[in-house]
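Peer 1: model the structure of this input:
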Amino acid sequence: MNTESRLCRKALTSLTDHLLSPAWRDPDIGIVHLGIGNFHRAHQAIYTEEAVAGAGGEWGICGVTLQGDVAKRDALAAQEGLYSVVERGPDAERVTVVRILREVLALPYDRAALFARLADPRVRIVSLTVTEKGYCRDGKTGDVDFGHPDIIHDLAHPAEPKTVPGILVAALRERRDNPFTVLSCDNLMHNGAALRQVTCSFANAIDPALGEWIATAVAFPSTMVDRIVPATSDSDRVSAATALAHADALPVPCEPFRQWVIEDCFPAGRPEWELAGAQLVSDVAPFELAKLRMLNGTHSALAYLSMLAGFETIDAAIREPDMHRLIHSMMTYEIIPTLAMPASFDTLAYRDALLSRYANPALKHRCAQIAMDGSQKIPQRLLGAIATRIEAGQPFARLALAIAAWMVFLRGHADDGSHYEIKDPLADRLTSLVAAAGPLPEKRLNALLSMREIFPAELAENLVFQHAVTDALVAIGHGARSAIAQYAR
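Peer 2: You can find the predicted model right below:
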């Protein structure tokens, strides 16, 4: 594809078979989204476009990259905000062009434009997909991490913030007469409440009155989001270009399944997302916990075991009979009993749907991608379920195997000797501890359990937990595939 055939608005007249709805009027911007990555573009953006197509409303999206990614900004701008979603099922592929993205900004280069947009009363929602580390959150207190270098910068220079808490507080300070709703869409339990606490603690450090006002006047609804969205590859670009006859620099691959559960608390209004299949509820917590433990927890277990065993993608791993039995049993016997779901929610059907989604050969969801940022993910995804099992006096050997796999994963190489990079906010400390501890399971365990950012003292000092993880470390010492087979029984 040459530059003249790049995806653009003029091309839409020939792409009606690839649009979510043929009837369309470009809406004004009503949502600013921080963290314009693949997940948002394959999830909330599609829900929003379908809602606007069905019910109207000025809910166009201004997407913001917070990492100074001008390449992404410029590529999307060159395509007039258009991009395609490559939806891959086991037997079919569908390419759809999304039109809801009206503007893309990149910090710090577009700071003035961003704050002008956030000050606009027509912006009624600021949403986020920045991952947990983007919150700059103290894992012990839940407040903002006042020792984080970017938070230190933002407190000293509140008009030039780098962080999410700094941006939100600076923007809300100017919106006291008509605050926007702050909508977290990250994989974090009680994400709305978590973001409220981070934001308010930051605001209190600048102006206690402002912090009190944010705590009482600004809505922070919680959400639960679900869709498998791998990183974009060259094959995705080829698929998009072949289907559209126009080049798309930033197509987004994803699975057909999607889910969005939203706490219905939007004082300033919202798109009619329910028309697109979103569930608007009064309490997101049960759905959050089911997804966090059943999907995210087993995803992490799969990722770390697979990195050691030499499986590159989730579908390849789950096709192995022992791995399938292990994950099936982990959900059935160790995770589902920790949940308290509404009667209408069929946990066994959800389990089976997850296993089918994992086996989708079209996605090629890389285990290395899921394995990133384990220090941030493990406490929420795995340790909560383990603590519940311990409290109930119930076994959790398979969950302990997942923790042990992460601990061994930190050595930086698979069983066959092939090396991989440890991508984690605490990578330097983690790898140093593992290197100093050496190969002995007990030493490795004690070194990593000392990290209170990951393991709370009550769990780290629990002998039942220690013994279960030690046993799993010993098993993995004989090879990850052998351990998988042993624990799948």
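Peer 1: outline the domain layout of the protein.
Peer 2: Per automatic domain parsing, the domain ranges recorded for the chain read 3-281, 285-487.
Peer 1: output those in JSON lines; the columns should cover mean pLDDT and mean neighbour count.
Peer 2: Where you see a C-beta, it was placed from the backbone N, CA and C, and this is true even at glycine. Shown next, in JSON lines, are the domains of the chain (pLDDT from 0 to 100; neighbours: other CB atoms under 10 Å):
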{"stretch": "domain 3-281", "mean pLDDT": "95", "mean neighbour count": "19"}
{"stretch": "domain 285-487", "mean pLDDT": "96", "mean neighbour count": "19"}
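Peer 1: now the helices for the stretch 301-450 of the chain?
Peer 2: Applying DSSP state H, counting those that start in this stretch to the stretch 301-450 of the chain gives helices spanning 314-318, 321-329, 347-358, 367-370, 374-378, 384-391, 397-409, 427-437, 441-449.
Peer 1: out of those helices, which is closest to Ala247?
Peer 2: Ala247 sits nearest to helix 367-370 of all those, at 24.5 Å, using CB to CB.
Peer 1: helices or strands up against the closest one?
Peer 2: With contacts taken as 3 or more CB pairs under 8 Å, 6 or more residues apart in numbering; DSSP states H and E, helix 367-370 sits against helix 297-309, helix 314-318.
Peer 1: who touches it?
Peer 2: 230-231, 299-300, 302-303, 306-307, 311-314, 317, 420 (CB atoms under 8 Å, 6 or more residues apart in numbering).
Peer 1: could you rerun that using 6 Å?
Peer 2: Ala231, His299, Ala303, Ser306, Met307 (CB atoms under 6 Å, 6 or more residues apart in numbering).
Peer 1: same question for stretch 375-384.
Peer 2: Glu132, Lys133, Met189, Leu292, Asn296, Gly297, Ser300, Leu399, Ala402, Asp424, Leu426, Ile454.
Peer 1: for Lys162, helix, strand, or coil?
Peer 2: coil (DSSP: H, G, I helix; E, B strand; the rest coil).
Peer 1: in this structure it contacts Ile152, no?
Peer 2: No: using CB atoms under 6 Å as the test, Lys162 is too far from Ile152 to be in contact (10.3 Å).
Peer 1: hang on, the earlier thing: could I get the helices of the stretch 301-450 of the chain in TSV, plus columns for distance to Gly60?
Peer 2: Below are the helices of the stretch 301-450 of the chain laid out as TSV (distance: least, CB to CB, whole Å):
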stretch	distance to Gly60
helix 314-318	34
helix 321-329	40
helix 347-358	31
helix 367-370	30
helix 374-378	32
helix 384-391	38
helix 397-409	41
helix 427-437	38
helix 441-449	46
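Peer 1: now the helices and strands packed on helix 367-370 as JSON lines including distance to Asp248?
Peer 2: Compiled in JSON lines, those are given as follows (distance: least, CB to CB, whole Å):
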{"stretch": "helix 297-309", "distance to Asp248": "27"}
{"stretch": "helix 314-318", "distance to Asp248": "24"}
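Peer 1: what number of residues lie near Arg489?
Peer 2: Other residues near Arg489 number 8, with proximity taken as other CB atoms under 10 Å.
Peer 1: pLDDT score assigned to it?
Peer 2: What the model reports for Arg489 is a pLDDT of 87.
Peer 1: related to what we said a few turns ago, out of the helices and strands packed on helix 367-370, which comes closest to Leu430?
Peer 2: Leu430 sits nearest to helix 297-309 of all the helices and strands packed on helix 367-370, at 12.9 Å, using CB to CB.
Peer 1: got the angle for the closest one vs helix 321-329?
Peer 2: Between helix 297-309 and helix 321-329, the angle comes out at 160 degrees (axes from the mean of the first three to the mean of the last three CA atoms, to 10 degrees).
Peer 1: what angle sits between helix 297-309 and helix 397-409?
Peer 2: Going by the same axes, to 10 degrees, helix 297-309 is angled at 50 degrees with respect to helix 397-409.
Peer 1: the inter-axis angle of helix 297-309 versus helix 347-358?
Peer 2: 40 degrees.
Peer 1: helix 297-309 packs against which elements?
Peer 2: helix 314-318, helix 367-370, helix 397-409, helix 480-487 (3 or more CB pairs under 6 Å, 6 or more residues apart in numbering; DSSP states H and E).
Peer 1: can you put these in JSON lines and add distance to Glu174?
Peer 2: As requested, those are arranged in JSON lines below (distance: least, CB to CB, whole Å):
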{"stretch": "helix 314-318", "distance to Glu174": "44"}
{"stretch": "helix 367-370", "distance to Glu174": "37"}
{"stretch": "helix 397-409", "distance to Glu174": "43"}
{"stretch": "helix 480-487", "distance to Glu174": "53"}
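Peer 1: which of the ones you listed sits closest to Leu463?
Peer 2: helix 397-409 (12.9 Å).
Peer 1: quick one: residues in contact with that closest one.
Peer 2: Against helix 397-409 from outside (CB under 6 Å, 6+ apart): 301, 304-305, 307, 330, 334, 374, 382, 385-386, 444, 448, 468-469, 472-473, 476, 487.
Peer 1: quick one: distance of that helix to the chain centre.
Peer 2: Computed by CA atoms, centre = their mean, to the nearest Å, the chain-centroid distance of helix 397-409 equals 21 Å.
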